[in-house]
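Engineer: Here is a sequence together with a model predicted from it:
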Amino acid sequence: MRLRATEPTLAMTNTIPLHTLATHGGRFRWAAVLSRIAVVMSLFCGFGDGSVALGATLKTRNVVLITTDGLRWEEVFQGADRSVMNKEFGNVGNADTLMKAFWREDVNERRAALLPFVWGTIGKRGQLWGNRGLQSHMRVANVHHFSYPGYSEFLTGVVDASIDSNDKKLNANTNVFEWLHSKPGYQGRVAAVVNWDVLPWILNGPRSKFPIWSGFDVPEGTYRLDVPKLLSEVTEDSKTVWSGVLLDTFVNQAAKHAVRTLKPRALYVSFGETDDWAHEGAYERYLRSAHHFDRYVGELWALMQSMPEYRDTTTFILTTDHGRGPVPVAWKSHGANLAESAYIWMGVMGPDTEALGERSQTGVMTQSQVASTVAHYLGEDYVKAFPRAGRPIGGGR
């Protein structure tokens, strides 16, 4: 399940007049205007945040973008929230068991219990953005705060005002993986393994032409990534929870299969359970799916580091498509009516990322900067090809 929204709203682009933000239907107040100004500034001015210097000689030869749908920045940086670890607000059956698994009095120990790879490896060897308590702000630039606009924003680098629903419509905007696949050195070396059934439309499979794995039907003309027959069978037989989202374990297996067989230089892996368990109001399953996501990322990293094609030449980028509302009730949802759901997070680790760990006072970065950041680590200039895209995180041009 994904939040649906079809009410026409104003989506911000890089060139939208600021007076329009202030007057459109009276829905934006001056606080929102100032927030949008910060977003616009981030699109035109990269931040010298120390991740990697533009124009530097890069060791990265491969990039993997990994997302988990709707995982809040609060759990990433603060760990499990005690106020929701109960029957009333989190539909938790055995609070004592959940507390034992994920609650720690110390916040650093608590978040490491939930996301041990993120904090034990990425937090020590890479960088993490989005802890608002440390004035590190990362947010979506679109005004909708739900899935299709979010995925499109970070995959293409632009905010498209015409995208205002989760309907299965082929995305008119070129995504960074499609663009890479068209360049010398990347043909046959780009792939995507996705959970949500709408993503092949967001990636515009028929036009992109790189292989995509989905456990659901895909647009006609999409090049499907083959996986072992047994994986296809168990994936099909497991569709008993949601109509358009798989269990993440199958995505994990398909991603590792893609790495072993295709050896892609640019890979997109999309997990989805975190969002759907949150919409169900099942906090324990939300936490456990986040914990599993962390394990899957660690397994993929270990696999790729064991292969000579990837060892010490691979950068991982982790993020999400939107945030969520606050506890104890609104955490179950997200959307334009929940301002908090605009805030997201990102992690990066690889041979060109300085080991600065959790970042603070980084200003405002946006989801629209992810696409160019993927390309930048490969030494490619996405912003030159698509000037409306957000600039790479790590500095401006």
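Structural biologist: Great, that's in hand. Model, not experiment: these values are computed from the prediction.
Engineer: What mean pLDDT does the longest helix along the chain get?
Structural biologist: For the chain, the helix with the greatest residue count under DSSP state H is helix 283-305. Averaging pLDDT along helix 283-305 gives 98.
Engineer: and the angle for the helix or strand just after it with helix 283-305?
Structural biologist: Reading on from helix 283-305 to the C-terminus, the next helix or strand found by DSSP states H and E is strand 314-319. For strand 314-319 against helix 283-305, the angle between stretch directions is 160 degrees (axes from the mean of the first three to the mean of the last three Cα atoms, to 10 degrees).
Engineer: Packing partners of strand 314-319?
Structural biologist: Judged by 3 or more Cβ pairs under 8 Å, 6 or more residues apart in numbering; DSSP states H and E, the packing partners of strand 314-319 are strand 62-68, helix 283-305, strand 346-349, helix 370-377. Quick note: C-beta positions are derived from backbone N, CA and C, even for glycine.
Engineer: the strands in this protein, which residues?
Structural biologist: Listed in chain order, the strands of the chain (DSSP state E) span 62-68, 127-129, 136-139, 190-193, 212-213, 266-271, 314-319, 346-349, 357-358, 363-366.
Engineer: gap between Pro206 and Gly221?
Structural biologist: Taken as Cβ to Cβ, to the nearest Å, the spacing of Pro206 relative to Gly221 amounts to 3 Å.
Engineer: Give me the more crowded residue out of those two.
Structural biologist: Neighbour comparison, Pro206 and Gly221: the larger count goes to Pro206, with 15 against 12 (by other Cβ atoms under 10 Å).
Engineer: need the contact list for that one.
Structural biologist: With contacts defined as Cβ atoms under 8 Å, 6 or more residues apart in numbering, Pro206 is in contact with Leu170, Pro219, Glu220, Gly221, Thr222.
Engineer: excluding its backbone neighbours, what's nearest Phe216?
Structural biologist: Distance criterion Cβ to Cβ, 6 or more residues apart in numbering; nearest residue to Phe216, sequence neighbours excluded, is Asp197 at 3.8 Å.
Engineer: The one you found: neighbour count?
Structural biologist: In terms of burial, Asp197 registers 20 neighbours under the definition other Cβ under 10 Å.
Engineer: Pull the number of nearby residues for the nearest residue to Val76 once chain neighbours are set aside.
Structural biologist: Distances taken as Cβ to Cβ, 6+ apart place Trp345 nearest to Val76, at 4.9 Å, with adjacent residues excluded. As a burial measure, Trp345 scores 24 neighbours (other Cβ under 10 Å).
Engineer: ditto for Pro326
Structural biologist: The number of residues packed near Pro326 is 16, by other Cβ under 10 Å.
Engineer: Can you report phi and psi for it?
Structural biologist: Pro326 has phi and psi values of phi -80, psi 160 when expressed as degrees, to the nearest 10.
Engineer: what's the least confident helix or strand in this protein, going by average pLDDT?
Structural biologist: Taking mean pLDDT, DSSP states H and E as the measure, the helices and strands of the chain show their lowest mean at helix 18-23, namely a mean of 26.
Engineer: What mean pLDDT does stretch 330-341 get?
Structural biologist: Stretch 330-341 shows a mean pLDDT of 98.
Engineer: From one end of it to the other, what's the distance?
Structural biologist: Distance between the boundary residues of stretch 330-341 (Cα to Cα, to the nearest Å) amounts to 10 Å.
Engineer: before we move on, what about stretch 138-149?
Structural biologist: The first residue of stretch 138-149 is 16 Å away from its last residue (Cα to Cα).
Engineer: One more: stretch 191-199?
Structural biologist: Stretch 191-199 has its terminal residues 13 Å apart, counting by Cα to Cα.
Engineer: Who are the contact partners of the nearest residue to Ala80 once chain neighbours are set aside?
Structural biologist: With Cβ to Cβ, 6+ apart as the measure, Phe102 is the residue that lies nearest to Ala80, at 4.0 Å, once sequence neighbours are left out. The contact partners of Phe102, taken as Cβ under 8 Å, 6+ apart, are Gly79, Ala80, Met85, Arg110, Ala113, Leu114, Leu287, His291.
Engineer: any idea how far Phe102 is from Ala95?
Structural biologist: Between Phe102 and Ala95 the distance is 11 Å, computed by Cβ to Cβ.
Engineer: per-residue confidence at the most centrally placed residue in the chain?
Structural biologist: When the chain is reduced to its mean C-alpha position, the closest residue under Cα atoms, centre = their mean turns out to be Thr320, at 2.7 Å. Looking at Thr320, its pLDDT reads 98.
Engineer: right, and it touches Ile344 too?
Structural biologist: Yes: with contacts defined as Cβ atoms under 8 Å, Thr320 counts as touching Ile344 at a distance of 5.2 Å.
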